[in-house]
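In: The sequence isn't on hand, but the structure is:
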């Protein structure tokens, strides 16, 4: 069972993306945790449209804006969660403790989980994947979310793919830099 399955085994919508990275799981994990994703104009501008304008888009910043760290195993995976009404301009996020996330939630809301998973597949080769899942908690929220997702879904996928590419670039650049100085 994957860690994301613990928090949202059933879902209405999901999107998954994968990239191969030359590096180690530990190096990939460090970059995922520390990279400023605003280095990508695509990510920076799409986040700005969502009202998350900042000079820095790091996972810590996302946690400060409402994402909940649900699981974190260095070099293997991390899972973030959200609970709210994402189709509303503000997202109407609901604060919930990580240990309560998998439990019941108010009607009219949706739960989302987002993971990064690092899999060592060969010496110096890592499969970095990300998956986003959303579960709507009633028929009303499902209708509202599906309309929202028709518009936002392609941009969400674009952000995730761009994040994976940014991580790959940084990991491989760091490895090249350490070889040049080592």
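Out: Now that the structure is in, tell me what you want to look at. Only a predicted model underlies this, so the values are computations on that prediction, with no experimental measurement involved. Numbers count the residues shown, from 1 in each chain.
In: So in that sheet, which strands flank the host helix or strand of residue 134, and in what orientation?
Out: Assigned by DSSP states H and E, residue 134 belongs to strand 125-136. Strand pairing for strand 125-136, using DSSP bridges, gives strand 13-22 (antiparallel), strand 110-122 (antiparallel).
In: average pLDDT for it?
Out: The average pLDDT within strand 125-136 is 97.
In: which residues of the chain score low on pLDDT?
Out: Across the chain, the ranges flagged by pLDDT under 70 are 46, 49-55, 177-182.
In: would you list every one of the helices in it?
Out: 3-7, 25-34, 41-49, 59-64, 139-181 (DSSP state H).
In: what's the spacing between the closest residue to residue 58 other than its chain neighbours and residue 77?
Out: Nearest residue to residue 58 in three dimensions, chain neighbours excluded: residue 36, at 5.5 Å (CB to CB, 6 or more residues apart in numbering). C-betas here are computed from N, CA, C, even on glycine. Look at residue 36 and residue 77: by CB to CB, to the nearest Å, they are 21 Å apart.
In: who's more crowded, the two?
Out: Ranked by neighbour count (other CB atoms under 10 Å), residue 36 and residue 77 place residue 77 first, with 20 against 16.
In: Now do the same contact list for the residue nearest the centre of the chain.
Out: The centroid of the chain falls nearest to residue 114 when counting by CA atoms, centre = their mean (4.1 Å). By CB atoms under 8 Å, 6 or more residues apart in numbering, residue 114 lies in contact with 67, 79, 80, 81, 82, 130, 131, 132, 133.
In: so residue 121 touches residue 127, yeah?
Out: Yes - in this structure, residue 121 is within contact of residue 127 by CB atoms under 8 Å, at 5.3 Å.
In: Pick out whichever of those two has more residues nearby.
Out: Neighbours per residue (other CB under 10 Å) separate residue 121 from residue 127, with residue 127 holding more: 16 against 11.
In: I'd guessed the more buried one sits against residue 17; true?
Out: No - if you go by CB under 8 Å, residue 127 and residue 17 don't touch, sitting 11.1 Å apart.
In: What's the end-to-end length of stretch 15-35?
Out: End-to-end distance of stretch 15-35: 22 Å, with CA to CA, to the nearest Å as the criterion.
In: And for residue 19, nearest residue in space, chain neighbours not counted?
Out: For residue 19, the closest residue by CB to CB, 6+ apart turns out to be residue 164, at 4.2 Å.
In: Good, we can wrap up now.
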